[in-house]
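Asker: Generate a structure from the sequence data that follows.
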Amino acid sequence: MQASPDYRDQEILHHFASRADALCSMLATGREISTKSYSIEQQINVLLDLGYSKSEVSEVFMTCNLARDVPEKALPSDLTITQYNPANPTQRSTRGLIQADAFSGAEAPDDLVAWHLRNVDRMQMYSDNNIDFLLSTKDGESLAFASMQLDYKNLIAEIEPVGTRTKAQRQGFARSLLLHCLSYLRGQGIKTVYIRTDVNNRPAISAYESVGFEIRDHLYTYQRKIRITYKRVKS
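Answerer: Now for the predicted structure:
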């Protein structure tokens, strides 16, 4: 459950949440409904009022203030960071593979690679403010990626997702790419950057903290038990 700050009025939230809850209750095939929320008082009060209870934490929400200078980490001479260009056949042919490899392992199936690439294509078509950077070797092999969504109106941005190919992990490539992204965003006038990751992903959290991100919130699961009734149908 997420709501824009402009619509965090208790009455508005309750109106939409209660209707979503009623619809889920009608369609549910299990015995509970779940949703997620950050520590936003108005949202939590609505969920508690509807009978939900807090369960496990799933994500950390981190921010980085770009009012400070962002140091650039020098890259080895055989590596380079470039902006992803979907018109570049070499970059496009590997973009889905990098993400599938980073999150599912080097043996990711072809359909998963294609699914990631379709998502990248959709994001690129959705807005010119969705930008990817790739960290690659000089011969064009991409090893890591970072996707960014920029909001020039509010001077904020989100980096999500970030990933490194299995064979290139634990070598500091993600950190180098993150520093490059932060420097780019600062140059674009962005003031605050957000990033999210799994609460148990300690390597990612450590990498984000090393470039200036701080944990600001957690995403919790809220659950409500439901009772499914069955009507006897006369034959």
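Asker: residues of stretch 141-152 that come out buried?
Answerer: Buried residues in stretch 141-152, counted by 16 or more other C-beta atoms under 10 Å: 142-150. Where C-beta positions appear, they are placed from N, C-alpha and C, glycine not excepted.
Asker: Now the residue sitting nearest the centre point of the chain: which helix or strand?
Answerer: The residue lying closest to the centre of the chain (C-alpha atoms, centre = their mean) is Glu160, at 4.2 Å. Per DSSP states H and E, Glu160 falls inside strand 156-164.
Asker: which of the buried residues of stretch 141-152 lies closest to Pro203?
Answerer: Ala144 (13.3 Å; C-beta to C-beta).
Asker: ok so, going back, list every C-alpha atom in the strand holding Glu160, with coordinates, as CSV.
Answerer: Extracted in CSV, the C-alpha atoms of strand 156-164 (Å, rounded to 0.1, in the frame of the first residue of the first chain):
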residue,chain,number,x,y,z
ILE,A,156,14.8,13.5,-6.5
ALA,A,157,15.9,10.2,-8.2
GLU,A,158,15.8,6.5,-7.5
ILE,A,159,18.5,4.0,-8.4
GLU,A,160,16.8,0.6,-8.9
PRO,A,161,17.9,-2.0,-9.8
VAL,A,162,21.6,-2.3,-9.5
GLY,A,163,23.4,-5.6,-10.3
THR,A,164,26.7,-7.2,-11.1
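Asker: Give the other helices and strands that that strand contacts.
Answerer: For strand 156-164, the packing partners by 3 or more C-beta pairs under 8 Å, 6 or more residues apart in numbering; DSSP states H and E come out as helix 89-104, strand 142-151, helix 173-187, strand 192-198.
Asker: thinking again about what came up before, dump the buried residues of stretch 141-152 into TSV; add distance to Thr94 as well.
Answerer: As requested, those are exported to TSV (distance: C-beta to C-beta, whole Å):
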residue	distance to Thr94
Ser142	5
Leu143	10
Ala144	12
Phe145	10
Ala146	15
Ser147	15
Met148	19
Gln149	22
Leu150	24
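Asker: Out of those residues, which two are the most distant from each other?
Answerer: It's Leu143 and Leu150 that sit farthest apart of those, by C-beta to C-beta, at 23.8 Å.
Asker: if we can go back for a sec, Leu219: which of the buried residues of stretch 141-152 is nearest?
Answerer: Nearest to Leu219 out of those is Gln149 (C-beta to C-beta; 17.7 Å).
Asker: In the helix or strand of the chain with the lowest mean pLDDT, which residues are buried?
Answerer: Here the helix or strand of the chain ranked lowest by mean pLDDT, DSSP states H and E is helix 110-126, holding a mean of 77. Neighbour counts using 16+ other C-beta under 10 Å place 112-113, 116-117, 120, 124 of helix 110-126 among the buried residues.
Asker: Gly51 contacts Arg224, correct?
Answerer: Yes. Using C-beta atoms under 8 Å, Gly51 is in contact with Arg224, at 4.9 Å.
Asker: The two: which is more packed in?
Answerer: The neighbour count for Gly51 versus Arg224, taken as other C-beta atoms under 10 Å, is higher for Arg224 (16 against 13).
Asker: so which strand or helix has that one?
Answerer: Using DSSP H and E, Arg224 falls within strand 214-225.
Asker: Give me the angle between that strand and strand 192-198.
Answerer: 50 degrees (axes from the mean of the first three to the mean of the last three C-alpha atoms, to 10 degrees).
Asker: Measure how far strand 214-225 is from the centre of its chain, please.
Answerer: On the basis of C-alpha atoms, centre = their mean, to the nearest Å, strand 214-225 sits 15 Å off its chain's mean C-alpha point.
Asker: please renumber so the chain begins at 119
Answerer: Noted, 119 is the first residue going forward, which turns the last one into strand 332-343.
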